[in-house]
Structures are given as structure tokens and as C-alpha cells.
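Novice: Would you be able to build a 3D model of this:
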Amino acid sequence: MSEPRGDDLAGIKPAARNTLTSASNFAWLGFNARFLSFFLIAVLCAASVWIYADRILIARQVKEAAAHESPRGNLSDLYPRWVGARELLLNHRNPYGDDVTLEIQKGYYGRVIDPRRSNDPKDREAFAYPVYVVFLLAPLIWWPFHDVQIFFYWLLVSATAGSVWLWLRTLRWSLPWVAVLASMALALGNVPAVQGIKIQQLTLMVAGLIALAVACISEGYLLAAGVFLAFATIKPQLAWELVAALLLWAISDWRKRRALAIGFLVTMAALLVGAEIVLPGWWKLFAEAVGQYHQYTHNQSVIEVTLSEVFGLEGKEDIAHLIAVAFSLAAVLACGVAMWKWRKVDAMRSEFGTSMALILAVTVLVVPMYAPYNQVLLLPAVLVLWKERKEFLKQARWRRTAFAIGIAIFAWQWIASIGLVLFYFLISHDRALQGWTWPFLSTFAVPLWIFGLIFVHLRTKGSSRNLAVETRV
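Specialist: This is a model prediction of the structure:
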């Protein structure tokens, strides 16, 4: 019931007017109480994950490291990139070189790691990024790394919280400010985000750049979107599918959308030329570094890890790899067909954001690296699914069941964190540390389930021929 306007109330008797006003106020209070409850629950869930990370997860890691004499330094994923940028730009050293890698290890682990020691980490923490990442980090190379860590911590927090607002705009979803704050709290207080912020992972910066690029497209700022999209390629494995989808979208209406492609290609060319100037032949060094990285880390996709850990194919890596590759190709192909059908959808419609959410969901699924922090890219898919939850409730029983299972899988991280934190404070610190894996138990299933739900949802939306309207440039 909407609140009556003043002129509507003018002709109503005082008693009736008071009744209408009271009813309207009661409805308003109930509406706000519902969102306030959501906010308080969100803060509780987010706080539980942060307390779990500080008191249980890190405490367990420190205890294990001490027991096995495994090195612990600053453990910042930003550090290798920062050292590489500093050495290249200030001292003209090759950031991919072994000498720089040894220097990185001293800061990251506290000492140079020894491959002959079984308890030493296998990850050499070498500089394995495209060299143009140094252009983003250049303003920070004169700072002490302690100050860089503080700055970057708050940068990632801001980027993650800001991504919620950007995706809400892209999805054309208007929420009360309390609900927006609650959504930001959950975005900052889930296991992938907390892990990424704690270790200062550039994935969270990439996620913020992607959210900014897509939001700019949805608002008609195509040239700026192309620039942000090019910078997101500092982690090419997380950006290439989105880049391909958006370039297809731009080509499908070149006259109106060419600014996106121009902004991306010009910025990308500037980054590549600048990289070649500061380090000639860098792309060969980068390719070698990536190859070595996969050799010493033995990275696997979410699908491969799921096949090994959940379906009992551990020790049968070849079979798991073949199945994972086949599944990944099928998923990418299916998304390619979907994007072809939706290539003309107007960016000012919410369906455009939904299609971008699908691309990011399949990226998390097939990227050849299982890392929970990559799942921050699932944020838009989660928002889409929650926004459209009533649509799922109208569908067939199996879809309703799948949606309910998806909610349970996604919420498990908070259920487990709250339980462990209560156990930690009320019963036993040591026994709580033994259950440190609980919040991570659903991280195998989350990307698979969310991809499946968002893919099915997008297919029910129909053809983009009914969604193409005039694009604002």
C-alpha cells in the first residue's frame, strides 16, 4: 500500500485520515524492520568469517608452520608484483629473473625456500604477471612496503564494497540503503573475499575493474569502459572470456558501440608497447614464467579439484584432466552460444548484466587455478539469482529444489564460521582449530552450482531480439 499524498487526505474525515496514516506508517516501519534485520544478520555473518580467519584459520596456519618449520614471511600476494615493479622501474632489473625471485622469497617467506626440504612451500612466488602490471603499481614503488600494504588493504576493501553498488546499477536493481549496506557486508564478509583481502590478491582489484567497466557500459560510457577492461587484463586468465564477449557485443552494433572496442584496443596497445619499451621481449619471459608456475604449483581448475576430491579420482590425474577439459569446453561453448543469441541486448537493460554474470561464472569454473579468492567474480551471479528468486519459485519443482540447494551451499560458509567461532569462545580453542576446514567445504560446489543456476536462468529469458532497444552512446 503506497502512502497517501497530502491532497488525497484533504477530503477524508480526521478519524479515517489518522487510520490511513497509521497504517501507512506501520507498513513503512515493517518494511524497514525487515531490511534492518537483514542488515544485522549480514553483519553477524561477515563478522563471523573475519573472526574465524583471525582466530582460527591463521592460528592454525601459524601452529602448523611452527610444527613443520615451514617459513612464514609477509605472505602478501602483492609483494612479488611490487618488488618486480620496483626492480624493473628503479633498477632496470628483469623481474622474471632468478635473482629477483630469490629476493622476493626473502620478503614473502622470510627466507629463500629450499626445494630439498619437504616442508618448504612449492610456490616459488616468482613474478608471473604481464609486465604492464608495473604501470598500475608504479605510484607505490617509492613507499615502504608496510605502507603499501595498508593502502592496498583499504583499496581492496573499497573495490569489493564498491563492486556491489556498481553491479546493482548494472542490474537495474534499486534497493534501500540498508539492504545495499547489508549486501556490501556480505560481499566483504565471505570466505573468498576475506582470503583475498588478507593476502592482498590482485584478483580483487581485477574484479573491481571489471565491475567498473561493465557499469560504464550500462551507463553509456563506452570509451571509459574499454580503458578499464584493458587494465583488467593484468590477470588475463580472468579477463579473456569477458573481453571476447564484450568485443562480440560491440561488433554486433559497431556504429553505436565501437567506442568500447576503440577504448580497449588503444589502451591495450599502449600497455603492450609500454611494456616492450621498459622490458624488450617481455612476452617470452612471461610465457616461460607462466609455464614454470604451473609446473611447480600443479594448479587445477575447480572441475579437476572436484573430480579428484569429491568423486574419488585422486591419483587418476590424467582421467580427471580429460574430463575437466571436456566439461570446460562444453561450458564455454554453451556460454558462447548464449552470448551469440544475446549479442544485441541493450546495455541499459538488466539482462545485459545477467549475461555478464554468466561469463564471469564460467570463467571461475574453467580457469586453470583453484583458489577460493577467484570466487569474488561470482558476485554478479549471486545478485542476479537473489534478485530473480521469485522467478525460480514459479518454475518446475527440480528448479526450485536446485535453487534451495544452491542457497544452502552458498550459506554454508557462514553457518560453519558462526559455529566454529562459538565453539572457539565457548568450548575449546584447540578443538575449534581442528575444524578449520569447515567453511571451505562448500567452495568446490559453489562455482558449479552457481554456473548451472545462472545458465538455466539466462536460457529462460528468451531471445535478445525482443530486448534490443536504442543504445545510448
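Novice: And the helices in the stretch 201-350 of the chain, which stretches?
Specialist: Counting by DSSP state H, counting those that start in this stretch, the stretch 201-350 of the chain has these helices, from start to end: 202-218, 222-231, 236-251, 254-278, 282-297, 302-309, 317-341, 350-366.
Novice: Output these as a markdown table; include the columns mean neighbour count, distance to Tyr373 and mean pLDDT.
Specialist: C-betas here are computed from N, CA, C, even on glycine. Output for these, formatted as a markdown table (neighbours: other CB atoms under 10 Å; distance: least, CB to CB, whole Å; pLDDT from 0 to 100):
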| stretch | mean neighbour count | distance to Tyr373 | mean pLDDT |
| --- | --- | --- | --- |
| helix 202-218 | 25 | 5 | 97 |
| helix 222-231 | 23 | 19 | 97 |
| helix 236-251 | 19 | 11 | 95 |
| helix 254-278 | 16 | 24 | 96 |
| helix 282-297 | 15 | 15 | 86 |
| helix 302-309 | 22 | 13 | 77 |
| helix 317-341 | 16 | 20 | 85 |
| helix 350-366 | 24 | 10 | 93 |
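Novice: okay if I get those as a markdown table plus distance to Gln105?
Specialist: Listed next are those as a markdown table, based on distance: least, CB to CB, whole Å:
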| stretch | distance to Gln105 |
| --- | --- |
| helix 202-218 | 19 |
| helix 222-231 | 28 |
| helix 236-251 | 23 |
| helix 254-278 | 23 |
| helix 282-297 | 12 |
| helix 302-309 | 26 |
| helix 317-341 | 28 |
| helix 350-366 | 29 |
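Novice: Centroid-nearest residue for the protein?
Specialist: Closest residue to the average C-alpha location of the chain: Val376 at 2.0 Å, with CA atoms, centre = their mean.
Novice: what's near enough to touch that residue?
Specialist: Neighbouring residues of Val376 by CB atoms under 8 Å, 6 or more residues apart in numbering: 160, 187, 192-193, 196, 203-204, 207.
Novice: now with 10 Å?
Specialist: Val376 is in contact with 156, 159-160, 163, 187, 190, 192-193, 195-197, 201, 203-204, 206-208, 211, 360, 364, counting by CB atoms under 10 Å, 6 or more residues apart in numbering.
Novice: now do Ala404
Specialist: Contact partners of Ala404, counting by CB under 10 Å, 6+ apart, are 392-393.
Novice: And it, how close does it get to Arg389?
Specialist: Plainly put, Ala404 is 10 Å away from Arg389 if you go by CB to CB, to the nearest Å.
Novice: repeat for Gln201
Specialist: Gln201 is 30 Å from Arg389, where distance means CB to CB.
Novice: between the two, which one's more packed in?
Specialist: Neighbour count, other CB atoms under 10 Å: between Gln201 and Arg389, Gln201 has more, with 23 against 11.
Novice: Just confirm the more buried one contacts Leu377, I think it does.
Specialist: No. Look at Gln201 against Leu377 with CB atoms under 10 Å: they stay out of range, at 11.8 Å.
Novice: Find residues that contact each of these two.
Specialist: Common neighbours of Gln201 and Leu377 (CB under 10 Å, 6+ apart) are 192, 207.
Novice: SS state for the residue nearest to the centre of the chain?
Specialist: When classified by DSSP: H, G, I helix; E, B strand; the rest coil, Val376 comes out as helix.
Novice: try Asp123
Specialist: Going by three-state DSSP: Asp123 is coil.
Novice: Many thanks, we can stop here.
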